[in-house]
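Asks: coords please:
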Amino acid sequence: MILERVQITNFLSIVDETLRLEELTVLVGSNGSGKSAFLKALDYFFTGSPRISDEDFHARDTKKDIEITLTFTGLSDEAKGDFQKYVDNGRFSVTRVLSLGNPAISGKYFGSTLQHAAFEAIRGASGREKTNAYKALRDQADYSELPDVSRQDQVEPALAAWEEAHPAKCTRRRDSGQFLGYTGVGQGSLRRHIRFVLVPAVREAAKEAEEGKASPISELLDLVVRSRMAVHAELEALRQETQGKLKELVSPVESPDLDNLGGALSQTLQQYATDTGVRLQWQELADLAFPQPRALVKLREHGFECTVDRAGHGLQRALIVTLLQHLEAERHKGQVKTVDSGAGNGSTEGTATPTADMPLPGLLIAIEEPELYQHPNRQRQISSVLLRLAKGEIPGVAGRTQIVYSTHSPLLVSLDRMDQVRRASRAASDSGVKQTVVRAASLDSVAEELWKLSGSPGAKWDAASLRPRLEVILNPWMNEGFFSELVVLVEGESDRAALLAQAAAKGHDLEALGVSVIPCDGKASMDRPALVFRQLGIPTYVVWDSDLNGQDAKPDVNKLLCRILGRAEEDYPAFVEASGACIQGNLEQLLEAELAGYSTRLEAACALQGLTVKEGRKKPGVVRALLMECSAQGSESATLRAIVEAIVVKREGAAT
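Replies: Numbering: from 1, shown residues only. Next comes the predicted model:
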């Protein structure tokens, strides 16, 4: 059983939004876009008794309830049986309502069941009114088969039986909050089929690994180690022997001083109250509980061993994920019942040992910024491990593992895995507080759009045919686009350097504005990222050379890029518009034509660095230095200035 989607209303920055989930889902977006709100909503759904305040409600509007609806699919036969009346076309939904205005329903879980509309008023009544309404309905010919009842508690079962027998006359409606929910017990419990683990951005690994009440390491030791120690034959024999000797030592025969003390106390008491006395006797000796040993967790890396608090933050964070994964797996196994560790940890309630009829539950892991404290190489490794875990290529942790994480790292996303990416952003709302919206794209939809823009040649393109064409543009630079407020696609690094230099000369820090200028290694590779970012709702600006009179002009590519921008196609366009720009010829020719003395300065700069002019024209550092020098002397390219102004205006428009 896996989570297909989560719908959230009136929670934090979310007014009403649905997040669709894959085996692995990656949330991206700028700071404050609302990524963490989705993870927190999942936590509130699964937490036994979440503590809410007015700040949890969108714009503090507590008149509207918070509703978190989870829809599950991929149900096992056991799950289909447990949730039979809620299942519809192989999936079912559960809503948790959190309310400050109506405490009676706050925290309750509501399922969706087949209900007959005419029964709604009866269910809403109580006492004699309920039974009278039922009898009145039963007198109607359409409902004459309803059984006679004499008590209120007989009404609901009778209505439910009728609905079960007449599904065609029913529609799916929310029940009265009787869904057993995550914290329920019995066959209806979600906990039997799916477990949830949240790894927040701030969590101290040293405390998680320290023995203490409810810490993961203590629970793990109770479930896996101490529980087995408690039933060890030799240990139990020693406990019974010690218990027997202790009883002998404190028996009345062996403790005459107890009677003597009672007599002395009686004499003193009689001085204050006549005809009184004190008698002391030992209570029944409770079973002896041996104190269990406490564990000291140490981490080893590169041959060096140390306590958790002295390890690197990256390793500490990896330990947290490891502990929580294994804790949820062991909680489910529940191989033994309550164990007292003697270390103040209390007890852990066991469940039935898994059998062929009770497979391991699914595990849903939500992680805020898994890249925190991680070196780039380890970030890539974490990305790979999480993907393999979600695909089921790493066995033994759970029956099935589903992962959703938020990230700010370009090393944890990729253009060829765009189906997994969900981009959060802010948009206007009626409350005056900007709301979170989510956009998604897919390789299939991008392939189909590109196929149509290319004139629909042959069979329709799909993800399988598109994926090989993405390989040439897979790099962290391209992945930065997922986190941008505006993406500017250019052909190469020298074009990027030129735009950044022109912007700086005019006092615009594009990176500070959230603008990513991304080189695509030629204009033939610009179509795919342009469509990907556009489908994700990321404003995109495209700048390329028409290569008029060039040896490798590619007019077909020029026309395709024009169609992507929604303008009339041309073999060799030249324009600067709101959606993009095309330079007639190429950048080198433009700079030579619009900057006084550019060629002379270029030759001098190349000579100083031991480069040919042909080599220097392509060097970002050379181009940037020359543009800054020209700008300092009052010379600038009118075309570059217009392009930068169009980019800034587009960025300002996206921010409103």
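Asks: can you list the residues that contact the helix or strand containing E449?
Replies: In the assignment (DSSP states H and E), E449 maps to helix 443-453. Residues from elsewhere that reach helix 443-453 (Cβ atoms under 8 Å, 6 or more residues apart in numbering): 416, 418-419, 457, 460-463, 465-467, 527-528, 531-532, 535, 560, 563-564. C-betas here are computed from N, CA, C, even on glycine.
Asks: Using neighbour counts, trim those residues to the buried set.
Replies: 418-419, 461-463, 466, 527-528, 531-532, 535, 560, 564 (16 or more other Cβ atoms under 10 Å).
Asks: Next step: the residues you listed restricted to strands.
Replies: Among the buried ones among the contacts of helix 443-453, no member falls in strands (DSSP state E).
Asks: Double-check N479 against M418; I have them as touching.
Replies: No: using Cβ atoms under 8 Å, N479 is not in contact with M418, being 10.2 Å away.
Asks: how far away is D88 from R400?
Replies: Separation of D88 from R400 (Cβ to Cβ, to the nearest Å) stands at 21 Å.
Asks: who's more crowded, those two?
Replies: When neighbours are counted by other Cβ atoms under 10 Å, D88 and R400 differ, and R400 comes out ahead with 19 against 13.
Asks: residues touching that one, list them.
Replies: Contacts of R400 (Cβ under 8 Å, 6+ apart): 1-2, 74, 362-363, 392.
Asks: Just the pLDDT for it.
Replies: R400 is assigned 78 on the pLDDT scale.
Asks: rewinding a little: between the contacts of R400, which has the most around it?
Replies: Within the contacts of R400, M1 tops the neighbour count with 25 neighbours, counted by other Cβ under 10 Å.
Asks: Surely that one and T71 touch.
Replies: No: contact criterion Cβ under 8 Å: M1 and T71 do not qualify, at 11.0 Å.
Asks: Please enumerate the strands of the stretch 251-400 of the chain.
Replies: Along the stretch 251-400 of the chain, counting by DSSP state E, counting those that start in this stretch, strands occupy 298-301, 304-307, 362-368, 400-406.
Asks: Of those strands, which is nearest F290?
Replies: strand 298-301 (24.7 Å; Cβ to Cβ).
Asks: what's the average pLDDT for that closest one?
Replies: So the average pLDDT for strand 298-301 ends up being 75.
Asks: Next, the angle strand 362-368 makes with the helix or strand hosting I8.
Replies: Here I8, judged by DSSP H and E, is contained in strand 2-11. Using axes from the mean of the first three to the mean of the last three Cα atoms, to 10 degrees, the inter-axis angle of strand 2-11 relative to strand 362-368 is 50 degrees.
Asks: Surely W544 is within a strand?
Replies: Yes: counting by DSSP: H, G, I helix; E, B strand; the rest coil, W544 falls inside a strand.
Asks: for it, which residues make a bridge with it?
Replies: Beta-bridge pairing of W544 under DSSP bridges involves C582.
Asks: Can I get stretch 556-576 as CSV, trimmed to CA atoms?
Replies: Taking Å, rounded to 0.1, in the frame of the first residue of the first chain, the C-alpha atoms of stretch 556-576 are listed here in CSV:
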residue,chain,number,x,y,z
ASP,A,556,15.3,24.3,-38.5
VAL,A,557,16.4,24.8,-34.9
ASN,A,558,15.8,28.5,-35.2
LYS,A,559,12.3,27.9,-36.3
LEU,A,560,11.6,25.3,-33.6
LEU,A,561,12.8,27.8,-30.9
CYS,A,562,10.5,30.4,-32.4
ARG,A,563,7.6,28.0,-32.1
ILE,A,564,8.5,27.3,-28.5
LEU,A,565,8.4,31.0,-27.8
GLY,A,566,5.0,31.3,-29.5
ARG,A,567,6.2,33.6,-32.3
ALA,A,568,6.2,33.4,-36.0
GLU,A,569,9.0,31.1,-37.2
GLU,A,570,11.9,32.4,-39.3
ASP,A,571,15.0,30.9,-40.7
TYR,A,572,17.3,33.6,-39.3
PRO,A,573,15.4,35.7,-36.7
ALA,A,574,16.8,38.7,-35.0
PHE,A,575,14.7,40.1,-32.0
VAL,A,576,14.6,41.0,-28.4
